[in-house]
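# Just need the structure, nothing else, for what follows:
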Amino acid sequence: MQRVDGRLVLSPTDLTKHVACPHITTLDLQALDAGAAALGAKAADDALNLVFEKGLAHEADYLRHLRDRGLSITEIDGFGHDREAAEAATLAAMREGVDVVYQATLYDGAWVGHADFLLRTERPSDLGPWSYDIADTKLARRLKVPALLQMAMYAARLAQLQGVAPQRLVVVTGDKEQHPWRLVDVAPYAARRRDALLRAIEAGATTEPAPCPQCAQCRWQDRCAREWTDTDDLVQVAGLRADQRDVL
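Below is the predicted model:
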């Protein structure tokens, strides 16, 4: 989540986080103005860094697998660079018809994403007698909904660029198994979740922290834990005062 020239730019990760915990969206929006550190965000610890490094290694393994098959690969340098230029480079590689576009940048001015891999398929599109499907690597050993949701958001922009929607979303899990999924089975849910996020942002919905599985990997974990502790203390004090009134 960022502001670019005064305009809010979201990512598929913002969407998956909102689905897991709407309070993350509230805090992320506040951090755009106040700063993450000022609001008590924690830096990535050793455990999260290790997961990140393992994720990169898994991605590199799949890239090596594609190279070993003799496929032509174009890598896009889009992180931290001009998004429009990075998407233009992505589209140029697609028009060239390379077998794989690695780290494809997809940016429509309001949403930005970096798909791990675009895989050429012999299905006609505006590009020519070919088009692209999406593949992402995930460390989990089973297919999870957030991965499909994230890729469905990539697919929305990819469909605009190539003139046809991709047919398959492929998740390459940590055991190196490939799990294809039909986009048509995911896209309606993704659209509903996207619209819900946009409505929540526009309405400035009030949220409160609540424990959930996302906490373990959330930068706001310590802040929320402090809020829970403070709330428990207030409840205990209020209960004590009620007991005192009963005695009196």
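
# Buried residues of whichever strand in the chain runs longest, list them for me.
Longest strand in the chain, counting residues (DSSP state E): strand 112-121. Within strand 112-121, the residues scored as buried using 16 or more other C-beta atoms under 10 Å are 112, 113, 114, 115, 116, 117, 118, 119, 120. (Each C-beta comes from the backbone N, C-alpha and C, glycine too.)

# cool, stretch 14-32 as well?
In stretch 14-32, residues buried by neighbour count (16+ other C-beta under 10 Å) are 14-29, 31.

# end-to-end on that stretch?
This stretch, stretch 14-32, spans 13 Å end to end (C-alpha to C-alpha, to the nearest Å).

# picking that back up, in terms of secondary structure, what does the longest strand of the chain contact?
Strand 112-121 sits against helix 46-68, helix 83-96, strand 100-107, strand 131-137, helix 145-162, with contacts defined as 3 or more C-beta pairs under 8 Å, 6 or more residues apart in numbering; DSSP states H and E.

# Between these, which one is closest to residue 222.
helix 46-68 (12.9 Å; C-beta to C-beta).

# list the helices and strands that closest one packs on?
For helix 46-68, the packing partners by 3+ C-beta pairs under 8 Å, 6+ apart are strand 73-75, strand 112-121, strand 131-137.

# list the contacts for the closest residue in space to residue 170 that isn't next to it in sequence?
Counting by C-beta to C-beta, 6 or more residues apart in numbering, the nearest residue to residue 170 once its immediate chain neighbours are dropped is residue 135, at 4.0 Å. Residue 135 makes contacts with 62, 115, 116, 117, 118, 119, 169, 170, 171, 172, 178, as judged by C-beta atoms under 8 Å, 6 or more residues apart in numbering.
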